[in-house]
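> let me see the structure of the following:
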Amino acid sequence: MTARLVILGLLRDQPLYGYEIKQIIEEHMSDWTSIAFGSIYFALDKLEKEKFIDKVGVEQDKKRPARSVFQINDKGREEFLRLLRENWQQAERQYFSLDVCLFFLNSLPSAEVTRYLHTQQSVLQTTLEHLQKHQAEQMSNPNVPRQALSIFDHTVVHTQAELNWVSSLIEKIESGEYS
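Numbers count the residues shown, from 1 in each chain. Model (predicted):
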C-alpha cells in the first residue's frame with residue numbers, strides 16, 4: 001500500500017515515468033521508506049489497470065528502452081486521499097526479528113551475542129550519523145518542504161532509541177544479568 005500511496009502522491013505534481021519515481025524515492029525518501037524498484041513498476045501497472053493513472057506517452061531514447069509516462073487522473077486523486085486518510089489512522093505495531101533472537105539468548109555464548117550486538121550498535125551509530133547529515137543537507141535545500149523535518153526527526157528519534165536500547169542490552173549481557 002505504501003508504494004501505491006507514494007506513486008499517486010508523486011504523480012499529483014507532474015507526469016512521471018517509473019525511473020523518475022525511483023529517483024525521487026531514492027533521493028528524498030530512502031531514509032524512511034523502503035520501496036523496491038520492482039514494486040514501483042508492479043504498482044504502476046496495477047494502478048493503470050485499476051484506472052487510477054493514465055499512460056500519457058511513451059518516450060524513446062535511441063540507446064535505451066521505451067519508457068511509459070504516467071499521470072494521475074481524478075479517480076486516482078480520490079484514491080490517493082483515501083489511502084492517505086487510511087494511513088493516518090493506522091497504528092502500526094513493530095515486530096523485530098531481534099526479539100526472536102532474544103527469546104533464544106541463552107542458546108549462544110554471551111561473548112558471541114555481544115559481538116552481534118556490537119555490530120548492531122555500530123550500524124545504528126553509522127545510520128544515525130548518516131540521517132543527521134542527510135537531514136542537514138536536505139533541510140538546507142529551499143525546495144524541500146518544511147514537513148520533511150518532522151519525518152527526519154521521527155526516524156532519528158527511533159534510531160537513537162534503538163541505539164540506546166542495544167547499548168543497554170550489551171551492558172546487561174556483559175554484566176551477566178541474563179545468565
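> regarding this protein, what is its longest helix?
helix 110-139 (DSSP state H).
> helices or strands next to the helix or strand following that helix in the packing?
Next along the chain after helix 110-139, taking DSSP states H and E as the criterion, comes helix 148-174. Contacts defined by 3 or more C-beta pairs under 8 Å, 6 or more residues apart in numbering; DSSP states H and E place helix 148-174 against helix 110-139. Backbone N, C-alpha and C define where each C-beta goes, glycine included.
> and the helix it packs on, what's buried?
Using 16 or more other C-beta atoms under 10 Å as the test for burial, helix 110-139 gives 113-114, 117, 120-121, 124, 127-128, 131, 135, 138.
> check those and tell me the two furthest apart.
Farthest pair in the buried residues of helix 110-139 (C-beta to C-beta) is Val113 and Gln138. Separation: 36.3 Å.
> which residues touch stretch 57-70?
Contacts to stretch 57-70, defined as C-beta atoms under 8 Å, 6 or more residues apart in numbering, come from residues 11, 15-19, 44, 47-48, 53-56.
> okay, now the unreliable bits of the chain?
Applying pLDDT under 70 to the chain flags the ranges 1.
> got the domain ranges for it?
According to automatic domain parsing, the chain comprises the domains 2-88, 97-174.
> please identify the most buried of these.
Of all the domains of the chain, domain 2-88 has the most neighbours on average by mean count of other C-beta atoms under 10 Å, namely a mean of 15.
> first vs last residue of it, how far apart are they?
With C-alpha to C-alpha, to the nearest Å as the measure, domain 2-88 spans 12 Å from end to end.
> which strands or helices does the longest helix of the chain pack on?
Using 3+ C-beta pairs under 8 Å, 6+ apart, helix 110-139 sits against helix 148-174.
> compute the inter-axis angle for the helix it packs on and helix 110-139.
170 degrees (axes from the mean of the first three to the mean of the last three C-alpha atoms, to 10 degrees).
> quick one: contacts for Gly176?
Contacts of Gly176 by C-beta under 8 Å, 6+ apart are Ser110.
> you'd agree it is in a helix?
No - counting by DSSP: H, G, I helix; E, B strand; the rest coil, Gly176 is located in no helix; its state is coil.
> which ones are touching the residue nearest to Gly76 when sequence neighbours are not counted?
Nearest non-adjacent residue to Gly76, counting by C-beta to C-beta, 6 or more residues apart in numbering: Phe52, 3.6 Å away. Phe52 sits next to 8, 72-73, 75-76, 79 when contact means C-beta under 8 Å, 6+ apart.
> quick one: which of those residues is nearest to Glu174?
Among those, Leu8 lies closest to Glu174 (C-beta to C-beta), at 48.8 Å.
> about what we covered before: quick one: the longest helix of the chain to chain centroid distance?
16 Å (C-alpha atoms, centre = their mean, to the nearest Å).
> cool, thanks, talk later.
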